[in-house]
Every structure is written in structure tokens, then in C-alpha cells.
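1. could you look at this predicted model? Sequence included:
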Amino acid sequence: MNYTSIKDIDSLSKWVKSAIKIKSKPLKNKKLGKNKTLGMLFFNPSLRTRLSTQKAALNLGMNVMVMNFTNEGWTLEFEDGAIMNQGASEHIKEAAEVVSQYCDIIAIRAFAGLVDKEKDNAETVIAGFLKYATVPIVNMEGATGHPLQSLADAITMEEFKTEHRPKVVLSWAPHPKALPQAVANSFVEMMQLQDADFVITHPEGYELNPEITKDSKIEYDQNKAFENADFIYTKNWSNYKDYGKITNSDPNWTVTADKMKLTNNAKFMHCLPVRRNVIVTDEVIDSENSIVIEQANNRTYAAQLVLQKILKNGQ
């Protein structure tokens, strides 16, 4: 069993209920991971993902090994048949098999390069480990998706659910750096499994991959999208059509208190880290309707549920 996409979830509602149950007694299955090792490989930085996944593994009694390929590991080659006379020192074939001997589960974080759309869509790093590793693989954010984050988002929304069918808005906001579409993609895929009025709002030209958004409603007027919303999930992503580029930095897309007044007293959500007063104003993120800290807390129980399912599947 691997967990590399939100599509690996057979029943989102059941998974969310299970995660909330784990949250109430996080050490109940402390013996499940005895003598098992989680190997965490980071090709990009992390705070919440690293600490929450590590804590989840410890809650299950697992040993944890962490390696940062940014400054510790050999540069890997992922192309089959490559003539390795350039920068890469080791091929994914050997690396994945070797790491599999040391670990019972491998978790990987490898962002999009935002240069080659085809390469990013192929999820080169995670796909390489899936092909050559001999143990289960967990996606801690790949080039196109962040399924641990979206599972935590679903848990959080369930904890703050409304009595009526909710309106949920995914809103683009400006950012000084070009960011991947991974978080937004997985949030869209998660919302497509929910019974909700779901709307994506962004400037024209900032459409996500249509193979992911499918028939999800898109509204180019942010104020209109915010009307009567129950949840506002804000995230920047770089341009998908003009791939990896920043083609809009309009500060009018920043989430402000005035915009939140258009909503149905909506909860504000963001995966973090967040650029204050660029993505969202202090007034909004520091308000009682901001549930970003609760989201971050639920990252542990999302990861713990995934690891628990993989461990039980391997028994």
C-alpha cells in the first residue's frame, strides 16, 4: 500500500472519522510500529510536514531516520539509460533499493522544479521510488500534489463543519515567489470527494491543470466567490499555462477583513507557511475565525492514519 495521492483514499468520510478517533487516543497503537522504521527523505525544506510525520511515526512506536538530500545525499539520476558523466553521482535504481533495505516505509518530499511542466507532471522523484523501492511510499508533497495536507484539511473541516451544506472557496492570493500548484491540486481533488458548494477563484489565466479541476466551478471575481462562504482556503500558485511564471501580483487579491465580511462568518484556512499582509492580513489570520493552527495540528493525525493503515496492511 502506498499513499501518493488523495485518490488512494477509498472512503474519505471513513478516513476522516478514523483520524479523529486517533486524535482522541494518539498512543493507542504504540506497539503497532515496534521494530519498524520510517525513512524520511527531503529534497526540499519542511517544518510541519517533517515534524508532524515524525511525531505520527513515534506515536505508533516506529523508529525514524531523516535524510536531507539538499545537503547530505548524493545527487540522484532518475533517467533510465542515462550516461552519468555529469553531476549526478547515484542512480535511483540503486538508491531506492538500498534505502528499502534500511526502512519499512519511505516518505518523500520533492517539490516541482517549475521549469519543465512535463517532468513535474511525471512526478520524477516519487515515481522513481515507486518503481524501484521494495517498500511502501508516502508522498510528503510532490511536484503536483500534497495528499497529507489535504487529508488534514478534510479532518479540520469536519471538526468545524456547518449544519448546512457548506460553501467552500479556494482562493488564489499573490506571492513574491513562484510556488507549485501541489497544495491547491490536492485540495481540489479532496473537495471533489465532498458534498459541498465548491468554488475556485483566481485571476484569469491562473487556471490549474484542467485534468485536476475537471468540472469544478471557477469564479474570476473574488468578491463574488466569497459571498456566503463557510470556508475560505487561501493559497498562492504560479501560472500553470505560462508554466512556473508569476504573471500576476495584484495586491487586491490579498484576503482582508472586508472581504471576509462578505462570507457567512467563514473560517479562514491556509496550509502555512504564510506571507502575512501579502496572502492575508494580520487582522484575518489572527482572528478567532482563523483555524490555521488547528490545521497544522491535524497534520499529525493525517500522517498517523496513513502510517497506521500501511503498517496494518503489511501485517
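-> Received it, and whenever you're ready, just let me know what you need.
2. the helix ranked longest in the chain - contacts with which helices or strands?
-> Counting by DSSP state H, the longest helix found in the chain is helix 292-313. Under the contact criterion of 3 or more C-beta pairs under 8 Å, 6 or more residues apart in numbering; DSSP states H and E, helix 292-313 touches helix 12-24, helix 48-59, strand 105-109, strand 137-139, helix 147-159, strand 267-269. Placement of C-beta: from N, CA and C, glycine included.
3. show me what contacts Leu151?
-> Ile6, Ile9, Trp15, Val16, Ala19, Met190, Ala302, Leu305, Val306 (C-beta atoms under 8 Å, 6 or more residues apart in numbering).
4. what sits against the last one?
-> Which is Val306. Tyr3, Ala56, Val138, Leu148, Leu151.
5. nearest to Cys271, of the residues you listed?
-> Leu148 (10.3 Å; C-beta to C-beta).
6. I'd say the closest one and Arg48 touch.
-> No. Here Leu148 does not reach Arg48: they are 9.4 Å apart, not a contact under C-beta atoms under 8 Å.
7. residue ranges of each domain in the protein, please.
-> What the TED database lists as the domains of the chain is 12-146+298-314, 147-295.
8. in TSV: those, plus mean pLDDT.
-> Listed next are the domains of the chain as TSV, based on pLDDT from 0 to 100:
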stretch	mean pLDDT
domain 12-146+298-314	96
domain 147-295	98
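9. a markdown table for the contacts of Leu151, including distance to Lys245?
-> Below are the contacts of Leu151 laid out as a markdown table (distance: C-beta to C-beta, whole Å):
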| residue | distance to Lys245 |
| --- | --- |
| Ile6 | 26 |
| Ile9 | 32 |
| Trp15 | 36 |
| Val16 | 36 |
| Ala19 | 37 |
| Met190 | 26 |
| Ala302 | 31 |
| Leu305 | 37 |
| Val306 | 33 |
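10. which of those residues has the most neighbours?
-> Ala302 (29 neighbours; other C-beta atoms under 10 Å).
11. what ranges does the stretch 101-250 of the chain have for its strands?
-> Assigned by DSSP state E, counting those that start in this stretch, the strands in the stretch 101-250 of the chain fall at 105-109, 137-139, 167-171, 197-201, 217-219, 231-234.
12. for the first one, name the packing helices and strands.
-> Applying 3+ C-beta pairs under 8 Å, 6+ apart, one finds that strand 105-109 contacts strand 37-42, helix 48-59, helix 92-102, helix 124-132, strand 137-139, helix 292-313.
13. could you identify which of these is most buried?
-> Among these, ranked by average contacts under mean count of other C-beta atoms under 10 Å, first place goes to strand 137-139 (a mean of 25).
14. could you list the residues in contact with that one?
-> With C-beta under 8 Å, 6+ apart as the criterion, strand 137-139 contacts 2-5, 53, 105-108, 126, 129-130, 145-148, 303, 306-307, 310.
15. again with stretch 280-298
-> 19, 23, 48, 52, 152-153, 155-156, 159-160, 173, 234, 254-257, 260, 265-272, 274, 276.
16. just the buried ones from those?
-> Neighbour counting with 16 or more other C-beta atoms under 10 Å marks 19, 23, 48, 52, 152-153, 155-156, 173, 234, 254-255, 260, 266-271, 274 as buried within those.
17. distance from stretch 35-48 to the middle of the chain?
-> Stretch 35-48 sits 14 Å away from the centroid of its parent chain (C-alpha atoms, centre = their mean, to the nearest Å).
18. pull up the distance across it, start to finish.
-> Its first and final residues considered, stretch 35-48 spans 25 Å by C-alpha to C-alpha, to the nearest Å.
19. one step back: can you list the helices and strands packed on strand 105-109 in JSON lines and add distance to Asn185?
-> JSON lines is the format used below for those (distance: least, C-beta to C-beta, whole Å):
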{"stretch": "strand 37-42", "distance to Asn185": "20"}
{"stretch": "helix 48-59", "distance to Asn185": "16"}
{"stretch": "helix 92-102", "distance to Asn185": "24"}
{"stretch": "helix 124-132", "distance to Asn185": "14"}
{"stretch": "strand 137-139", "distance to Asn185": "12"}
{"stretch": "helix 292-313", "distance to Asn185": "17"}
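20. Lys214 contacts Glu189, doesn't it?
-> No. If you go by C-beta under 8 Å, Lys214 and Glu189 don't touch, sitting 9.4 Å apart.
21. okay, these two: which has more neighbours?
-> Of the pair Lys214 and Glu189, Glu189 is the one with more neighbours under other C-beta under 10 Å, namely 20 against 10.
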